[in-house]
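>>> Got a sequence here, can you build the structure:
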Amino acid sequence: MARLEYKKLRSRHITMITLGGIIGASLFVGSGNVVRSVGPAAVVSYLIGGLLVFLAMRMLGEMAAARPAIGSFMEYARVGLGEWAGYFVGWLYWYFWIGVIAFEAVVGGSILAGWFPAVPQWLFSVVLLLFFTASNLVSARSFGEVEYWLASVKVCAILVFLAVGTLFALGLWPNSAFSIPNIWTHGGFAPNGWWPVISGVAIVIFSYFGTEIAVMAAAESENQAKGIRQAVSTVIWRILLFFVGGVLLIVTIVPWSELPNPKKEAPFAHIFGLFGLPGASLVMSAVILTAACSVLNSGLYSAARMFSALATRGLAPRIVAKQSRSGVPTFAVLTSTLGGYAAVVVNFVAPDSGIFDFIMNSAGLVALFVYAFIAVTQMRMRQKMTPEERAALKLKMWLHPWLGILTVGGVVGIVLVMLLTDGDGRTQVWTSLISVAVLAVFWPLVRRSLQRRDAQVLPDSADHSLSAVHTQDKRKHGIQQ
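This next block holds a predicted model:
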């Protein structure tokens, strides 16, 4: 047991995973797409999306503080709503991260290939997958140590951007001018109207996905209760500071209509160049590479823990639940990595086949599914509690059940917006429904497997009880064993 405790995550690991876990390429690069389509009002899109995530995290925190579990919301959905809920949310979550692992490996490989053009891009992607597979196989603490340093780089880069950017916007930085009026002087605060602001929420919500990793990691920490409280209580200011603050500075420093296409230059890299800092472009490329590696690392951790949790409950092959001496679900890590390799190979061997795009799009609604499941599960589990259990909760969701209902309503609203908007949003909805339909086809088989398992367990339990009674009876009459 002492050996296993030694391999658990420390407080500083949880702190940095909590701070930098959700800062990925979607912020450094993807924020440019939102600003270019919405205008300065993109700040409102990030605020609305952040509010939805904050409410979902608070509800998850209530359940996790009362019952820490690896696989967290999958386990809570299973207990609160039934085996079917755990099956669907667990497998969808795993599938989502398989796509993310492959995507981040491709992004990281492309950056490295730009630095070393003599080496094929696919080789860099494979090397990244191998490295992070190895770090995840050692122990949870090994994952935490790697993530600690990767997240540290991201957090430092954001803090420098916020500090220097504020001085630049106020005209207090060399060769800068007071630029705050950029928020309203180029067609207004919402130059394209308010509908793009609402549809923008459907885009930014995926930038926040991964916040729940901190709660999952806290279940493998030395101090579970402290880690969970820390992950939940700090999420709001992380969203306000890193995401809303970063986007606010972007639209303040550069007129939204003059922001370069993110495919050519990331917005953060463009603005770092305006600061006049030496080697800004190279530094930002390194930061984006770090962000991609961090998401790859944490994505592999999340996928493996969810896969293992599914197997533990009989919702996936039993072998996946096997753990090493250090508590790592080895088969789950390796299997999740194989999914990443397959997607990377498809991307490089048949880039025009559309298979890789389908994988990414078909998992597009997972974030929203997860938030909805968290909200419904929390309301159901609170309903099942006795008055004494409710009073003993260490972390409570406010205004129960109204904020939970608001969260579910927000998820439904975003899905409707995606359906009504032409382009990637509508594609993500329909392809995600295909992945749900595939899971629905296999659910009857899984359910029968669970029923057979339960039927075998009950007789065994009865035989054990009868044996125990027989043994006690013999002891009572002084019969020698």
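>>> When you work out contacts or count neighbours from here on, use the C-alpha atoms and nothing else.
Will do.
>>> ok, Ser139 touching Thr330?
No - Ser139 lies out of contact with Thr330 (Cα atoms under 8 Å); the separation is 9.7 Å.
>>> okay, and the common contacts of the two?
Residues within reach of Ser139 and of Thr330 at once, by Cα atoms under 8 Å, 6 or more residues apart in numbering: there are none.
>>> Do I have it right that Gly390 meets Arg382?
One correction, residue 390 is Arg, not Gly. Yes - assessed by Cα under 8 Å, Arg390 is found in contact with Arg382 at 7.2 Å.
>>> who has more neighbours, the two?
Arg382 (20 against 14; other Cα atoms under 10 Å).
>>> contacting residues for the more buried one?
Arg390.
>>> Do you know the pLDDT at it?
Model confidence at Arg382, given as pLDDT, is 93.
>>> quick one: low-confidence ranges for this protein?
For the chain, the stretches with pLDDT under 70 are 1-7, 21-22, 70-71, 352-356, 360-361, 364, 423, 457-481.
>>> In it, which residue is most central in space?
Nearest to the mean C-alpha position of the chain, by Cα atoms, centre = their mean, lies Gly210 at 1.7 Å.
>>> how close does it get to Ser302?
9 Å (Cα to Cα, to the nearest Å).
>>> Any figure for the gap between Phe178 and Ala437?
Phe178 is 54 Å from Ala437, by Cα to Cα.
>>> what about these two, which has more around it?
Neighbours were tallied for Phe178 and for Ala437 using other Cα under 10 Å; the higher tally belongs to Phe178 (15 against 12).
>>> Surely the more buried one is in contact with Leu167?
No - if you go by Cα under 8 Å, Phe178 and Leu167 don't touch, sitting 9.2 Å apart.
>>> Show me what counts as buried in the helix or strand hosting Phe307.
Phe307 is part of helix 280-312, with elements assigned from DSSP states H and E. Neighbour counts over helix 280-312 (16 or more other Cα atoms under 10 Å) mark 280-281, 284-312 as buried.
>>> gap between that helix and the chain center?
Relative to its parent chain, helix 280-312 has a centroid offset of 9 Å by Cα atoms, centre = their mean, to the nearest Å.
>>> Does the nearest residue to Ser281 once chain neighbours are set aside belong to a helix, a strand or coil?
Nearest non-adjacent residue to Ser281, counting by Cα to Cα, 6 or more residues apart in numbering: Ala269, 5.8 Å away. At Ala269 the chain is in helix, as set by DSSP: H, G, I helix; E, B strand; the rest coil.
>>> which residues does Leu450 contact?
Applying Cα under 8 Å, 6+ apart, the residues contacting Leu450 are Gly314, Leu315.
>>> what helix or strand does the closest residue to Gly86 other than its chain neighbours sit in?
Closest residue to Gly86 apart from its sequence neighbours, by Cα to Cα, 6+ apart: Arg78 at 4.2 Å. Here Arg78, judged by DSSP H and E, is contained in helix 72-81.
>>> What's the first helix or strand after that helix?
Counting by DSSP H and E, what follows helix 72-81 is helix 83-115.
>>> same for that following helix, what does it pack against?
helix 72-81, helix 121-138, helix 280-312, helix 330-349, helix 355-362, helix 366-384, helix 424-476 (3 or more Cα pairs under 8 Å, 6 or more residues apart in numbering; DSSP states H and E).
>>> Any chance of CSV for these, columns distance to Ile405?
Putting the helices and strands packed on helix 83-115 into CSV (distance: least, Cα to Cα, whole Å) gives the following:
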stretch, distance to Ile405
helix 72-81, 16
helix 121-138, 37
helix 280-312, 26
helix 330-349, 34
helix 355-362, 26
helix 366-384, 7
helix 424-476, 22
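>>> Out of those, which is closest to Leu19?
helix 280-312 (12.3 Å; Cα to Cα).
>>> and the angle for that closest one with helix 330-349?
Angle of helix 280-312 versus helix 330-349, following axes from the mean of the first three to the mean of the last three Cα atoms, to 10 degrees, is 130 degrees.
>>> Just the C-alpha atoms of stretch 430-448, please, in CSV.
Output of stretch 430-448 as CSV, limited to C-alpha atoms (Å, rounded to 0.1, in the frame of the first residue of the first chain):
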residue,chain,number,x,y,z
TRP,A,430,-25.3,14.5,-37.2
THR,A,431,-22.0,12.7,-37.1
SER,A,432,-22.2,12.6,-33.3
LEU,A,433,-25.7,11.1,-33.5
ILE,A,434,-24.2,8.4,-35.7
SER,A,435,-21.7,7.5,-33.0
VAL,A,436,-24.5,7.4,-30.4
ALA,A,437,-26.5,5.2,-32.7
VAL,A,438,-23.6,2.7,-33.0
LEU,A,439,-23.4,2.5,-29.2
ALA,A,440,-27.1,2.0,-29.0
VAL,A,441,-26.9,-1.0,-31.4
PHE,A,442,-24.4,-2.7,-29.0
TRP,A,443,-26.1,-1.8,-25.8
PRO,A,444,-28.5,-4.9,-25.8
LEU,A,445,-25.4,-7.2,-26.0
VAL,A,446,-23.7,-5.4,-23.1
ARG,A,447,-26.9,-5.4,-21.1
ARG,A,448,-27.3,-9.2,-21.5
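>>> how about that stretch: buried residues?
For stretch 430-448, by 16+ other Cα under 10 Å, it's Trp430, Thr431, Ser432, Leu433, Ser435, Val436, Leu439, Trp443, Val446, Arg447.
>>> Among those, which pair sits farthest apart?
Among these, Trp430 and Arg447 lie farthest apart (Cα to Cα), at 25.8 Å.
>>> How many neighbouring residues does Tyr93 have?
Tyr93 - counted by other Cα under 10 Å - has 20 other residues nearby.
>>> So it is in contact with Val366, correct?
Yes - assessed by Cα under 8 Å, Tyr93 is found in contact with Val366 at 6.3 Å.
>>> Mutual contacts of the two, please.
Joint contacts of Tyr93 and Val366 (Cα under 8 Å, 6+ apart) do not exist.
>>> what's the distance between stretch 242-258 and the middle of its chain?
24 Å.
>>> Same question for stretch 130-141.
Chain-centre distance of stretch 130-141: 18 Å, with Cα atoms, centre = their mean.
>>> Pull out the buried residues from it.
Result for stretch 130-141 [16+ other Cα under 10 Å]: buried residues Phe132, Thr133, Ser135, Asn136, Leu137, Val138, Ser139, Ala140, Arg141.
>>> and the gap between the last one and Ile374?
Relative to Ile374, Arg141 is positioned 27 Å away (Cα to Cα).
>>> residue ranges of the helices in the stretch 101-250 of the chain, please?
121-138, 140-169, 195-208, 213-218, 224-233, 235-238, 245-253 (DSSP state H, counting those that start in this stretch).
>>> just so I know, which of these lies nearest Ile23?
Closest among the helices of the stretch 101-250 of the chain, using Cα to Cα: helix 140-169, at 7.0 Å.
>>> helices or strands next to that closest one in the packing?
helix 11-20, helix 121-138, helix 245-253, helix 267-275, helix 280-312.
>>> Quick check: which of the ones you listed is nearest to Gly49?
Closest to Gly49 of the helices and strands packed on helix 140-169 is helix 245-253 (Cα to Cα; 13.2 Å).
>>> Perfect, that will be all.
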